[in-house]
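Trainee: structure here, sequence nowhere to be found:
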DNA sequence: TCGTCCGGCGTTTTT
DNA sequence: CGCCGGACGA
């Protein structure tokens, strides 16, 4: 038996209600993951359900991995076998691999990321002449928005999001259709399509919907407040034959509306699923009461939310702090100073995090940390597969898998330089248009279109063909290394950069890429095909990947820096929430557009509720923005809450005794000297 | 074909 | 202030 006695009353109620629709409203730090992992374990162990009939969906690999690990620790590996614990996208890819032929795609489809998408939008804009110039980014983001709302290209003009008087919308209509046609021609799909096409399958082939709904008799969805209409439709499809759906979420932590998430999914759960059981988890096991008091007060101002109030058994007389600082550098200085002191007292740096609204705020803090020689990691930032060298190599692999992938082909056609530039490319594009064949087929059809380039073209297409074979008959790392050698890629990298440091770093990225292929083979053995490898690279963040061999129960002795968005789900003993200013949090853009400030307030709420023991918020009198100094004011989110935190003016030394002031100044001076050395 | 210069713009982001 | 993308020139 798996005992549920370690859960509190509402948790146990949620974990033991397995049939029919269930909504678990789980406040921050209320043991949400614990509840769902026990629920799964209970279903498999106590109720003897087939693991294969259970599906758990989350948004990120991290969340999905955590769920997997915790279920395994309850059930053991053997009993957990057969469970599907996936992200929306990995589930989508799984389904598409089986069914995408129904929509006229080949199963070797490529997956496009933002920069690939941008390439097609650029092409679309070039294909139509206008006086007005359009911003590709804006157009692409509207297309992405529409896709996440479940609106297909042919439906746009009939949707409420179309305004016939808006020139942008007219252009979006054209580009969206062009874009989808091209993707199909290239046998490619973008990230949004992974779900979009599954939904289209469900709409057009009800028997497919039934198949998957019958396969997954019990469906669970994590972070339900962040689901968009597309994901909602997917969930509806998966549960249509049984209605056994358990969703977990917190409307107060909905922070992804900007990418199409619709909080009404969670607000109107009972309407969509009549007879639903609703369970509220309000006991918080993370933070002290003073921190929760502040959090409750901040979020109370939001309208249209499910009323709940977090409480904790942990009392404390340590109030949250708010520091006024002079400017961006000073803000960084006082924060890092506090960290150094904590370190000096034997504190662990892994217990501390610095959270901010936008990445631009990270730079001065990073500088200061380096200056004070405090080890740190920045979460987020560039992903491994986005590095230029890695992208090049992935493009080779993509073409080898799917020669129709024109975006990848164009990327590598002249990398390393082989004298096939724009002029030659245009000729072949014309040929492929005329004959209605793919660009790659055009290259093979008439390599001597420009006789001076013929040798190079033949050589190039031969490489692709040869390696299609090689990847079939050799191991992944062997074939990959051989490819890198064949195209002389490292030599190319050397020529691209002047500084040795740059060259070394880039070469290292190439080596890491080969290593990741080795790891992939080690972990996946028979399933370590080229296709699965490329897929995994795109669907899985490298940050998880690199940690795979390490024990990540132990947090490194490093301060963690990240945006408020990426902090969701995490907790730290001490949290610095920097930039609590008007136009930073809430962000200027949101204020200008005059729209939903609630999401910004929820971001503040998420930040505050990350802290277990100590919360330090800061704001500046003056902030350097784009090289210009701008006056700043305290965030409205802290208005009228001054009895819930202690404000200290750090621009003076007023909060210190004379002795402390002297020590402070000299220790700061010493740090500075140390940093320079 | 490739490199350089100039102008514009500047949240958050998983997959 | 710094990055990126487009235009233009060698």
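Mentor: Okay, I see it. Note that the structure is predicted; figures quoted are calculated from it, not measured.
Trainee: who in the stretch 501-650 of chain A is up against DNA strand B?
Mentor: A:538-541, A:562-563, A:565-566, A:587-590, A:593, A:626-627 (C-beta under 7 Å from any atom of the strand). For every residue, glycine as well, the C-beta is placed using N, CA and C.
Trainee: try 6 Å
Mentor: A:539, A:541, A:563, A:565, A:566, A:587, A:589, A:590, A:626 (C-beta under 6 Å from any atom of the strand).
Trainee: for ChimeraX, what selects the buried ones among the residues you listed?
Mentor: The following ChimeraX line selects those of these that are buried, judged by 16 or more other C-beta atoms under 10 Å:
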select /A:539,541,563,566,587,590
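Trainee: of the residues of the stretch 501-650 of chain A next to DNA strand B, which one scores lowest on pLDDT?
Mentor: In terms of pLDDT, the least confident member of those is residue A:541, at 57.
Trainee: filter the residues of the stretch 501-650 of chain A next to DNA strand B down to the ones close to DNA strand C.
Mentor: Within those, those near DNA strand C by C-beta under 6 Å from any atom of the strand are residue A:626.
Trainee: sitting in strands, which of the residues of the stretch 501-650 of chain A next to DNA strand B do you find?
Mentor: By the criterion of DSSP state E, membership of these in strands covers residue A:563.
Trainee: columns distance to residue A:83 on top of the residues of the stretch 501-650 of chain A next to DNA strand B, output as a markdown table?
Mentor: Below are those laid out as a markdown table (distance: C-beta to C-beta, whole Å):
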| residue | distance to residue A:83 |
| --- | --- |
| A:539 | 19 |
| A:541 | 22 |
| A:563 | 32 |
| A:565 | 29 |
| A:566 | 27 |
| A:587 | 40 |
| A:589 | 41 |
| A:590 | 40 |
| A:626 | 49 |
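Trainee: what's the farthest-apart pair in the residues of the stretch 501-650 of chain A next to DNA strand B?
Mentor: Among those, the pair separated by the greatest distance (C-beta to C-beta) is A:539 and A:626, at 35.0 Å.
Trainee: gap between residue A:466 and DNA strand C?
Mentor: Using C-beta to the nearest atom of the strand, to the nearest Å, residue A:466 is found at 32 Å from DNA strand C.
Trainee: that residue falls within a helix, correct?
Mentor: Yes: according to DSSP: H, G, I helix; E, B strand; the rest coil, residue A:466 belongs to a helix.
Trainee: number of nearby residues for it?
Mentor: Look at residue A:466: counted by other C-beta atoms under 10 Å, it has 14 neighbours.
Trainee: what's the answer for residue A:246, then?
Mentor: Residue A:246 has 28 neighbours, counted by other C-beta under 10 Å.
Trainee: in three-state terms, label it for me.
Mentor: Quick answer, by three-state DSSP: residue A:246 is strand.
Trainee: please report phi then psi for the closest residue to it other than its chain neighbours.
Mentor: Distances taken as C-beta to C-beta, 6 or more residues apart in numbering place residue A:22 nearest to residue A:246, at 4.3 Å, with adjacent residues excluded. Here the main-chain torsion angles of residue A:22 (degrees, to the nearest 10) amount to phi -130, psi 130.
Trainee: pLDDT value on residue A:503, please?
Mentor: 75.
Trainee: for the host helix or strand of it, which positions count as buried?
Mentor: Using DSSP states H and E, residue A:503 maps to helix A:500-524. Residues of helix A:500-524 classed as buried by neighbour count (16+ other C-beta under 10 Å): A:503, A:506-507, A:509-510, A:512-514, A:516-521.
Trainee: and the residue in chain A positioned nearest to DNA strand C, how many neighbours?
Mentor: Minimum separation of chain A from DNA strand C (C-beta to the nearest atom of the strand) falls at residue A:627, amounting to 2.6 Å. Residues lying near residue A:627 (other C-beta under 10 Å) number 5.
Trainee: quick check: closest non-adjacent residue to residue A:335.
Mentor: residue A:576 (5.1 Å).
Trainee: typo on my end, it should be residue A:279
Mentor: Leaving aside its sequence neighbours, residue A:279 sits nearest to residue A:14 (C-beta to C-beta, 6+ apart; 4.3 Å).
Trainee: isn't that neighbour right next to residue A:24, touching?
Mentor: Yes: assessed by C-beta atoms under 8 Å, residue A:14 is found in contact with residue A:24 at 4.7 Å.
Trainee: which residues are in contact with both of those two?
Mentor: A:35, A:246, A:279, A:281 (C-beta atoms under 8 Å, 6 or more residues apart in numbering).
Trainee: go through those residues and flag which are in helices.
Mentor: residue A:35 (DSSP state H).
Trainee: what's the most distant pair in the shared contacts of residue A:14 and residue A:24?
Mentor: A:246 and A:281 (13.2 Å).
Trainee: mutual contacts of the two, please.
Mentor: A:14, A:24.
Trainee: least confident secondary structure element in chain A?
Mentor: helix A:542-546 (a mean of 47; mean pLDDT, DSSP states H and E).
Trainee: re earlier: who does the residue nearest to residue A:246 form a beta bridge with?
Mentor: Counting by DSSP bridges, residue A:22 is bridged to residue A:246, residue A:277.
Trainee: get me the contact residues on the stretch 551-677 of chain A for DNA strand C.
Mentor: Residues of the stretch 551-677 of chain A lying close to DNA strand C by C-beta under 6 Å from any atom of the strand are A:626, A:627.
Trainee: show me what the host helix or strand of residue A:62 is packed against.
Mentor: Residue A:62 is located in helix A:61-75, with elements delineated by DSSP H and E. For helix A:61-75, the elements it packs on are helix A:32-41, strand A:54-58, helix A:77-80, strand A:84-87, helix A:542-546, judged by 3 or more C-beta pairs under 8 Å, 6 or more residues apart in numbering; DSSP states H and E.
Trainee: pick the most buried one from those.
Mentor: strand A:54-58 (a mean of 26; mean count of other C-beta atoms under 10 Å).
Trainee: partners of that one, with directions?
Mentor: strand A:84-87 (parallel), strand A:218-221 (parallel).
Trainee: between helix A:32-41 and it, find me the angle.
Mentor: Here strand A:54-58 runs at an angle of 160 degrees relative to helix A:32-41 (axes from the mean of the first three to the mean of the last three C-alpha atoms, to 10 degrees).
Trainee: roughly how far out does strand A:54-58 sit from the chain middle?
Mentor: Counting by C-alpha atoms, centre = their mean, to the nearest Å, strand A:54-58 is centred 18 Å from the centre of its parent chain.
Trainee: average pLDDT for that strand?
Mentor: 95.
Trainee: run through who's touching it.
Mentor: Under C-beta under 8 Å, 6+ apart, the answer for strand A:54-58 is A:36, A:40, A:43-44, A:64, A:67, A:83-88, A:91, A:216-223, A:235, A:238.
Trainee: any weak-confidence spans in chain A?
Mentor: Scanning chain A with the threshold set as pLDDT under 70 gives A:129-132, A:381-382, A:497-499, A:501-502, A:541-555, A:594-595, A:653-677.
Trainee: can you list the strands that the longest strand seen in it pairs with?
Mentor: Counting residues, the longest strand found in chain A (DSSP E) is strand A:611-620. The strands that strand A:611-620 pairs with in its sheet are strand A:321-325 (parallel), strand A:572-577 (parallel) (by DSSP bridges).
Trainee: most tightly surrounded among these?
Mentor: Highest mean neighbour count among these (mean count of other C-beta under 10 Å): strand A:572-577, a mean of 24.
Trainee: quick one: distance of that strand to the chain centre.
Mentor: The answer for strand A:572-577 is 22 Å, by C-alpha atoms, centre = their mean.
Trainee: what does stretch A:612-626 give?
Mentor: That offset, for stretch A:612-626, works out to 25 Å (C-alpha atoms, centre = their mean).
Trainee: distance between the ends of that stretch?
Mentor: In stretch A:612-626, first residue to last residue: 34 Å (C-alpha to C-alpha, to the nearest Å).
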